[in-house]
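Student: build me a model from this:
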Amino acid sequence: MFKKKKDLKFSIDLSSRFLDKLIFAIFSENSLVNRKFLSKVKQFIEILDMEAYARNKEKFLRLEFIAKSIELILDRGLRDFYIITEELANRTEFHEEYNLIIDEICNNVVSNEDVLFLDEFLTYRLKWLFIYEHYPDLKDILYQFETNEFSNFEDVIEDFFDVIEDLYYKKRQVEIKNKDERFDFNIKDQETFRSNIEDGHRNITSERNTIRTGLKSLNKMLNGGFRAGKLYCFFAVPGMWKSGMLLNICMWALKYNHHIKPDDPTRIPTVVYISLENSRDETLERIASHISPEVVDGVDFKEYSTPQLLNLFMNNPELVSSNLDFAFRYRRSNSISTADIENIVNEVENEVEPSSKKMREVVLLVVDYLGRLQPNSKVHNGETYLVYGNVSDDLSSFAKFKNIPVVTAHQLNRQADDTIHKISQNNKADIGKHLGRANISDSRRILEVIDDGMIILPEEHPVEKNTWLYIGGLKHRGRKKKVQPFYQKFLNGMRLEEDADYPENKSVPSLIDNLIEKDISHNMKYEVTSDEVPQVRKRRSPLDEFKELDDYC
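Tutor: Numbering: from 1, shown residues only. Reported below is the predicted structural model:
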């Protein structure tokens with residue numbers, strides 16, 4: 001039976017530049033630097049013959065620095081950079097040299113490409129070690145086969161398979177995992193299980209994985225905001241602010257998410273807005289209206305000169321002061337599939353931003369809207385609900401694959417139109433609260449797939465005569481507590497009143513709460529229905545009142 005060589009050490013020619021890059025990676029905020037990567041570094045350092053580097057002080061110090069850093073991070077569980085580096089500096093006689101290395105760490109960032117290169121380098125060196133470690137045994141066994149010089153044939157076969165099985169097991173231990181496999185774990189495999197727990201907790205609790213909106217109540221409904229790896233869908237009747245909602249989400253992402261950092265710190269975090277409905281010119285007018293809330297009827301480009309528009313866009317802090325970039329792409333309705341969505345995102349990430357010379361990393365994808373996309377799979381027999389279901393499946397998978405939130409919208413059915421019209425004719429308010437799952441029958445498969453679904457509907461306030469947006473929850477995966485619907489006021493046809501950074505919540509739970517008290521101050525006449533809900537007499541339909549806004553949507 002073959003015997004394993006214990007404490008086998010190797011001398012590998014490593015440059016100081018490579019070792020520096022490895023040190024920078026260990027302390028990097030790059031999300032690819034997880035416990036698996038650090039464990040691989042530890043394995044690699046343990047097989048090196050440190051005496052072989054004793055004559056090269058520069059390399060020896062770096063290898064020692066790496067070994068001690070990995071010990072503090074993996075074995076002692078330290079996470080804070082300053083605590084680790086302080087401990088390192090106090091555990092060596094080379095204080096000055098260590099402090100120089102620490103200063104270099106602070107001045108460097110590591111890209112995804114750097115981490116992947118280091119990971120591949122370590123992986124293949126470890127694989128080579130396993131082959132080299134068993135080379136004498138394999139050579140001896142193969143020699144016995146070739147010369148027939150063995151006392152027992154069965155023993156030789158067993159020895160051979162022992163070597164092969166050991167090689168295969170170790171190969172699997174250090175094998176480069178693909179994007180899906182990195183989430184695999186077994187409870188008995190404690191190293192992998194621990195790594196997944198740490199990565200999962202960091203992913204769920206990290207602020208940089210949550211895109212906040214501009215509305216307090218919507219952030220509460222979304223459990224903090226749009227979370228990475230999830231698919232969100234807003235449902236509305238045709239022409240009732242689906243596109244407006246999605247564009248507001250993009251603008252909010254730029255304004256309220258300065259905390260967002262890309263997984264690759266060398267890239268620019270970017271919001272991608274793919275429109276299958278509104279062209280570039282229409283979208284620019286909508287953005288102009290959003291950033292000009294005082295313009296009640298919205299911005300009409302025909303009323304502005306080119307210098308005026310350039311000044312409006314280029315000097316707006318919501319756009320130019322954000323650390324996030326915004327990428328708009330227009331494609332004709334039903335001209336692309338969800339596979340093309342992935343290609344568009346890849347193209348955005350491979351472009352170089354001219355001023356900074358950096359590439360981008362997509363942190364939020366907004367698609368306007370789901371019903372205008374083709375699915376990857378053609379197996380749907382023309383059934384509408386299957387088409388919508390396949391598109392939803394594709395978008396949900398893409399959200400998980402990229403670990404970003406994906407937000408889209410879809411239409412409610414004709415029954416929703418009938419419900420709205422009927423309630424409007426009866427002069428009732430809070431119409432949105434009468435809409436629910438029954439109004440998405442053709443889109444039922446979407447509701448099964450998405451993580452969060454909301455209904456939106458613009459309504460006129462029965463007293464103030466201004467327009468508010470109803471937002472009500474349909475589905476919130478994993479949330480046991482019921483999420484309350486709310487109304488948010490419009491500032492103009494393309495902007496809601498924001499309150500995310502205000503101490504006061506500006507949303508209201510109902511347009512008819514305290515209506516009787518308001519009646520006294522306005523000296524208006526109301527009637528009360530049998531269900532004791534105050535109603536306004538002879539007011540126009542909310543759909544009629546929203547006619548002007550409809551042009552934007």
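
Student: chain center to stretch 398-412, what's the gap?
Tutor: Between the centre of stretch 398-412 and the centre of its host chain there is 9 Å, according to CA atoms, centre = their mean, to the nearest Å.

Student: in terms of secondary structure, what does the helix or strand where V391 lies contact?
Tutor: Here V391 is covered by helix 384-402, with elements defined by DSSP states H and E. The criterion is 3 or more CB pairs under 8 Å, 6 or more residues apart in numbering; DSSP states H and E, and the helices and strands that helix 384-402 contacts are strand 231-236, helix 338-350, strand 358-368, strand 406-411, helix 444-449. Using the backbone N, CA and C atoms, a C-beta is placed for each residue, glycine as well.

Student: continuing past the host helix or strand of I66, what's the next helix or strand?
Tutor: When elements are assigned from DSSP H and E, I66 belongs to helix 57-70. Toward the C-terminus, helix 57-70 is succeeded by helix 81-90 as the next helix or strand (DSSP H and E).

Student: what stretches of the stretch 151-300 of the chain score poorly on pLDDT?
Tutor: Along the stretch 151-300 of the chain, segments meeting pLDDT under 70 span 165-184, 207.

Student: redo that, cut-off 50
Tutor: Across the stretch 151-300 of the chain, the ranges flagged by pLDDT under 50 are 172-180.

Student: for this structure, which helix is longest?
Tutor: In the chain, with assignment by DSSP state H, the single longest helix is helix 112-147.

Student: got the angle between it and strand 358-368?
Tutor: Helix 112-147 runs at 100 degrees relative to strand 358-368, counting by axes from the mean of the first three to the mean of the last three CA atoms, to 10 degrees.

Student: what comes up buried for helix 112-147?
Tutor: Across helix 112-147, burial judged by 16 or more other CB atoms under 10 Å covers 112, 114-115, 118-119, 121-123, 125-127, 129-130, 133-134, 137-138, 141, 144.

Student: average pLDDT for it?
Tutor: What helix 112-147 shows for mean pLDDT is 81.

Student: quick one, strands of the stretch 151-300 of the chain?
Tutor: Residue ranges of the strands in the stretch 151-300 of the chain, as given by DSSP state E, counting those that start in this stretch, are 210-211, 226-227, 231-236, 268-275.

Student: quick one: the third one to chain centroid distance?
Tutor: For strand 231-236, the gap between its own C-alpha mean and the chain's C-alpha mean amounts to 17 Å (CA atoms, centre = their mean).

Student: how about JSON lines for the helices and strands packed on helix 384-402, with mean neighbour count and distance to I157 added?
Tutor: JSON lines is the format used below for the helices and strands packed on helix 384-402 (neighbours: other CB atoms under 10 Å; distance: least, CB to CB, whole Å):
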{"stretch": "strand 231-236", "mean neighbour count": "26", "distance to I157": "53"}
{"stretch": "helix 338-350", "mean neighbour count": "16", "distance to I157": "49"}
{"stretch": "strand 358-368", "mean neighbour count": "23", "distance to I157": "52"}
{"stretch": "strand 406-411", "mean neighbour count": "25", "distance to I157": "54"}
{"stretch": "helix 444-449", "mean neighbour count": "18", "distance to I157": "52"}
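
Student: got a pLDDT number for the spatially most central residue of the chain?
Tutor: The chain has I404 as the residue nearest its centroid, 1.8 Å off, counting by CA atoms, centre = their mean. Per-residue confidence at I404 stands at 94 (pLDDT).

Student: just say helix, strand or coil for it.
Tutor: Here I404 is coil, with the state taken from DSSP: H, G, I helix; E, B strand; the rest coil.

Student: that one against E349, yeah?
Tutor: No - applying CB atoms under 8 Å as the test, I404 and E349 come out as separate, 11.1 Å apart.

Student: can you pull the residues that touch both of the two?
Tutor: Common neighbours of I404 and E349 (criterion: CB atoms under 8 Å, 6 or more residues apart in numbering): V362.

Student: check contacts around Q484.
Tutor: Q484 neighbours (CB under 8 Å, 6+ apart): M221, P509.

Student: that one and K433, how far apart?
Tutor: As judged by CB to CB, to the nearest Å, Q484 and K433 stand 11 Å apart.

Student: quick one on the thing from earlier: tell me which residues touch the residue nearest to the centre of the chain, please.
Tutor: Neighbours of I404 in contact, by CB under 8 Å, 6+ apart: A228, G229, V362, V363, L364, L365.

Student: so what's the residue count around the residue nearest to the fourth one when sequence neighbours are not counted?
Tutor: Counting by CB to CB, 6 or more residues apart in numbering, V363 lies nearest to P269, which is 4.4 Å off, once chain neighbours are set aside. Other residues lying near P269 total 24 when counted by other CB atoms under 10 Å.

Student: out of the helices and strands packed on helix 384-402, which is closest to S39?
Tutor: Nearest of the helices and strands packed on helix 384-402 to S39, taken as CB to CB: strand 358-368 at 25.6 Å.

Student: just checking, what packs against the closest one?
Tutor: Right, strand 358-368 is packed against helix 242-255, strand 268-275, strand 325-330, helix 338-350, strand 352-353, helix 384-402, strand 406-411 by 3+ CB pairs under 8 Å, 6+ apart.

Student: can you put these in a markdown table and add distance to F235?
Tutor: Below are the helices and strands packed on strand 358-368 laid out as a markdown table (distance: least, CB to CB, whole Å):
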| stretch | distance to F235 |
| --- | --- |
| helix 242-255 | 8 |
| strand 268-275 | 18 |
| strand 325-330 | 23 |
| helix 338-350 | 19 |
| strand 352-353 | 35 |
| helix 384-402 | 12 |
| strand 406-411 | 6 |
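
Student: nearest to L78, out of these?
Tutor: Counting by CB to CB, L78 lies closest to strand 268-275 out of these; the figure is 28.0 Å.

Student: what strands line up against the closest one, and which way round?
Tutor: strand 325-330 (parallel), strand 358-368 (parallel) (DSSP bridges).

Student: out of these, which gets nearest to L284?
Tutor: With distances scored as CB to CB, the stretch of those nearest to L284 is strand 325-330 (8.6 Å).

Student: okay, the angle between that closest one and helix 338-350?
Tutor: Using the same axes, to 10 degrees, strand 325-330 lies at 140 degrees relative to helix 338-350.

Student: only alpha carbons, please: show strand 325-330 as CSV.
Tutor: Presented in CSV, the C-alpha positions along strand 325-330 are these (Å, rounded to 0.1, in the frame of the first residue of the first chain):
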residue,chain,number,x,y,z
ASP,A,325,-24.0,55.9,-13.5
PHE,A,326,-27.2,55.6,-15.6
ALA,A,327,-27.3,53.7,-18.8
PHE,A,328,-30.4,53.9,-21.1
ARG,A,329,-31.1,51.5,-23.9
TYR,A,330,-34.1,51.6,-26.2
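
Student: quick one, it and helix 242-255 angle?
Tutor: If you take the same axes, to 10 degrees, strand 325-330 sits at 160 degrees to helix 242-255.

Student: from the middle of its chain, how far away would strand 325-330 be?
Tutor: With CA atoms, centre = their mean as the basis, strand 325-330 stands 17 Å off its chain's centre.

Student: quick check: mean pLDDT of that strand?
Tutor: Mean pLDDT, computed over strand 325-330, is 96.

Student: correct me, but R280 touches F328?
Tutor: Yes - with contact defined as CB under 8 Å, R280 counts as touching F328 (6.9 Å).

Student: neighbour count winner among those two?
Tutor: F328 (17 against 11).
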